[in-house]
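Asker: Here is a sequence with its predicted model. Questions after.
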Amino acid sequence: MLAITHVPSPKMEQCELTFVPRRAIDYTRAVQQHDQYCGMLRACGADVHVLDVNRDFPDCVFVEDTAIVLDEIAVLASMGSESRRAEPAGIEPELRNYRRVHRIERPATIEGGDVLRVGRTLLVGFSSRTNQAGLEALASIVAPHDYRVLGVPIRDCLHLKSACTALPDQRLLINPAWVKARDLFGFESVLVPEQEPWAADMLSVGGTICVTAAHPRTAEMIDKLGFKVQMTDLSEFAKAEGGVTCLSLLLEPH
């Protein structure tokens, strides 16, 4: 497995925020945490490519938002935030090494953090960054590859993956305050502890579940479900409304 990541920007304190208050970000610590995150991915068996092409953009480290990468193709996102609209163009040359690339254009907007793949289903969160036109554009692109695309309402969080991610057995780990199980088209759900509302943002890498150090209860729960768990500290990225999924694009090279 390949993991595409991006170095944090020195301007990270100027990042876009929607549902969290602005706090000081320790850039040196963020760089250290990013290095540790990449080390965790390598420990899970991933080949990690660290890009440095969008350094001037405050949110560039959240590379997952720039594209939806499937087995067959990659789809460049049409970013919902104006300050991030130039980021996908920087990522495109790397993606072209591995996939045929499609684009979604405005006024359709969609960000990778709002797209959750579960088997051959793509769940798309309706957020401040992703609209109905974005869902329809994605559905048109992926239809020849037999994916179904389903819209999911979310509330009080930035992206769908803030509220919901998929375990390797296709059960969904969810925060029920931000996404309702009844809106998830029959997928079985597992609820995160109420004390850890951001814990639904976890990453499956080669069968290992990666969670942040801020969510020990969730890590213990996932371990009891029978999955291997890796933890890492992402406190500086949480201040920028980011989680463990946000920092990488995962794909299998052809």
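Answerer: Happy to help now that I have it. Residues are numbered from 1 along each chain as shown.
Asker: pretty sure residue 80 contacts residue 109?
Answerer: Yes: contact criterion C-beta atoms under 8 Å: residue 80 and residue 109 qualify, at 4.1 Å. C-betas here are computed from N, CA, C, even on glycine.
Asker: okay, and the common contacts of the two?
Answerer: Shared contacts of residue 80 and residue 109, defined by C-beta atoms under 8 Å, 6 or more residues apart in numbering, comprise 129-131, 134.
Asker: Now do whichever strand or helix holds residue 165, average pLDDT.
Answerer: Following DSSP states H and E, one finds residue 165 within strand 164-166. Averaging pLDDT along strand 164-166 yields 98.
Asker: got it, and stretch 74-92?
Answerer: 97.
Asker: ditto for stretch 177-188
Answerer: Mean predicted confidence for stretch 177-188 is 96.
Asker: Show the end-to-end separation of that stretch, please.
Answerer: Chord length of stretch 177-188, first to last residue, is 16 Å (C-alpha to C-alpha, to the nearest Å).
Asker: what's in contact with that stretch?
Answerer: Under C-beta under 8 Å, 6+ apart, the answer for stretch 177-188 is 118, 121, 123, 125, 150, 152-157, 160, 162-164, 170-172, 174, 189, 197, 200.
Asker: Buried residues, that stretch. List them.
Answerer: 178-179, 184, 187 (16 or more other C-beta atoms under 10 Å).
Asker: cool, stretch 77-97 as well?
Answerer: 77-81, 84, 87-88, 90-92, 94-95.
Asker: can you give me the strands for the stretch 51-200 of the chain?
Answerer: 67-69, 73-76, 100-103, 115-118, 121-126, 148-153, 164-166, 172-174, 189-191 (DSSP state E, counting those that start in this stretch).
Asker: Looking at the ones you listed, spot the one closest to residue 243.
Answerer: Minimum separation from residue 243 across the strands of the stretch 51-200 of the chain (C-beta to C-beta) falls at strand 164-166, 9.0 Å.
Asker: And that closest one, what does it pack against?
Answerer: strand 115-118, strand 172-174, strand 203-205 (3 or more C-beta pairs under 8 Å, 6 or more residues apart in numbering; DSSP states H and E).
Asker: Give the pairing partners of that strand; include direction for each.
Answerer: Counting by DSSP bridges, the strands paired with strand 164-166 are strand 172-174 (antiparallel).
Asker: I'd like to know which of the strands of the stretch 51-200 of the chain lies nearest to residue 216.
Answerer: Ranked by C-beta to C-beta, the member of those that lies closest to residue 216 is strand 172-174, at 15.0 Å.
Asker: would you turn the strands of the stretch 51-200 of the chain into CSV with mean neighbour count and distance to residue 12?
Answerer: CSV is the format used below for the strands of the stretch 51-200 of the chain (neighbours: other C-beta atoms under 10 Å; distance: least, C-beta to C-beta, whole Å):
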stretch, mean neighbour count, distance to residue 12
strand 67-69, 26, 20
strand 73-76, 21, 23
strand 100-103, 14, 27
strand 115-118, 21, 24
strand 121-126, 21, 24
strand 148-153, 16, 29
strand 164-166, 24, 23
strand 172-174, 22, 27
strand 189-191, 17, 31
